[in-house]
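Chemist: this one's sequence-less:
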């Protein structure tokens, strides 16, 4: 018979389920930083926006990328990823639609005017536009699905999903800001119209090049 005054011990697995281990999120921080700071559609567009519109006018774009991407992770974590597993044709349609949209954006960047001319003929991307862009950004899809499938700690799923979204937002915000800041700084040096056009052409080429992993994946299917 067990004595009544013996302490009741909570199983170890329940302790882990009740309180998330912050060490478990360390690999996520590293992955989120590398994924956020490396070249891709978001960063290419932010650099071009920083150059053509300045840092202050690009802030809504920056916030839209960071918050929109975090919301995307949350929605995928709540079950959208399972839908694509059940109906893979939906994901295929999304990939091709994303590719066409990115090609259109590349053309817009390549043909955009810079400096004072640009401010009179075009506007920077808004917060809502940047948020919505995450859903047609192939890199964002790959990263978000990878985070949910590989970097989500087990147990207490909703709490861990919320923590993952917050971590990604916090890490992503300064990372993408670097690209917008790079474009804004370059504006001070690239004052000649011909050089500014060359920079925009380069950003457009990088945006098209970011489609290479997507096309490579399609070739394997």
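Modeler: Great, that's in hand. Computed from a predicted structure; not experimentally measured.
Chemist: packing partners for the helix or strand harbouring residue 163?
Modeler: In the assignment (DSSP states H and E), residue 163 maps to helix 157-189. Other helices and strands packing on helix 157-189, by 3 or more CB pairs under 8 Å, 6 or more residues apart in numbering; DSSP states H and E, are helix 26-37, helix 41-53, helix 55-75, helix 138-150. From N, CA and C alone the C-beta is placed, and that goes for glycine too.
Chemist: Show me which residues of the last one are buried.
Modeler: Spelled out, that is helix 138-150. When burial is assessed from 16 or more other CB atoms under 10 Å, helix 138-150 yields the following buried residues: 138-141, 143-145, 147-148.
Chemist: Repeat that for the first one.
Modeler: Neighbour counts using 16+ other CB under 10 Å place 28, 31-32, 35-37 of helix 26-37 among the buried residues.
Chemist: Equivalent analysis for the third one, please.
Modeler: Using 16+ other CB under 10 Å as the test for burial, helix 55-75 gives 55, 57-58, 60-74.
Chemist: what angle separates it from helix 157-189?
Modeler: Interaxial angle of helix 55-75 relative to helix 157-189 (axes from the mean of the first three to the mean of the last three CA atoms, to 10 degrees): 160 degrees.
Chemist: helices and strands around helix 55-75, which ones?
Modeler: Counting contacts by 3+ CB pairs under 8 Å, 6+ apart, the secondary-structure elements packed against helix 55-75 are helix 41-53, helix 127-133, helix 138-150, helix 157-189.
Chemist: which parts of the helix holding residue 163 are buried?
Modeler: Of the residues in helix 157-189, those buried (16+ other CB under 10 Å) are 160-161, 163-165, 167-169, 171-173, 175-177, 179-181, 183-184, 187.
Chemist: quick revisit: could you save the helices and strands packed on helix 55-75 as JSON lines and add columns showing distance to residue 105?
Modeler: Converted to JSON lines, the helices and strands packed on helix 55-75 look like this (distance: least, CB to CB, whole Å):
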{"stretch": "helix 41-53", "distance to residue 105": "7"}
{"stretch": "helix 127-133", "distance to residue 105": "8"}
{"stretch": "helix 138-150", "distance to residue 105": "12"}
{"stretch": "helix 157-189", "distance to residue 105": "15"}
